[in-house]
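S.K.: Here is my input, please return the structure:
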Amino acid sequence: MSDGDVAVIQAVYAAWNDGDIDRMLESIDPEIEWRPGTDSPFAGLHKGIDDYERYVRSWASTFEHVEIELGEIRPVGDRLMAEQLQRSRMRGSTVDLEAVVTHVWRVRDGFIAEWFSFRDEREARAFLERHA
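M.R.: Take a look at the predicted model:
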């Protein structure tokens, strides 16, 4: 894990919190492999930035706002992992939501080449053990 890899991840989440999806996408590898959480309607492995962009924009459009507080980024093999607190409110709702999820990334040549989302660190580690 390099400081540069951590900076790439931090920049992506800073762009997200600024509401700047275009800036966020500038740090995503065109051949990204991504996997939303198992409870997502998009669960499963996907490839390519076009589908990733559609997913991110669709997900973001369901909320009035989403703010992500990124936890400590730690190495796990050749990937990086962090818990994060997501604070949000769905469009048309008055209820504020909070969820803690774990994301795993692989950064390659200054771009996020893999992004995986899990309910928690235990689920993330079990996945990584099976896909080491």
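S.K.: for this protein, which helix is longest?
M.R.: Longest helix in the chain by number of residues, with DSSP state H as the criterion: helix 3-17.
S.K.: Now do the strands in the protein.
M.R.: Ranges of strands in the chain, per DSSP state E, are 28-35, 46-47, 63-70, 74-76, 79-90, 97-108, 111-118.
S.K.: picking that back up, now the longest helix of the chain: buried residues?
M.R.: Within helix 3-17, the residues that qualify as buried by neighbour count (16 or more other C-beta atoms under 10 Å) are 5-6, 8-9, 12-13, 15-16. For the C-beta atoms, the positions are set from N, CA and C on the backbone; glycine is no exception.
S.K.: same question, stretch 124-131
M.R.: 124, 127-128.
S.K.: which residues are in contact with that stretch?
M.R.: Here stretch 124-131 makes contact (C-beta atoms under 8 Å, 6 or more residues apart in numbering) with 76-77, 79, 81, 102, 104, 116, 118.
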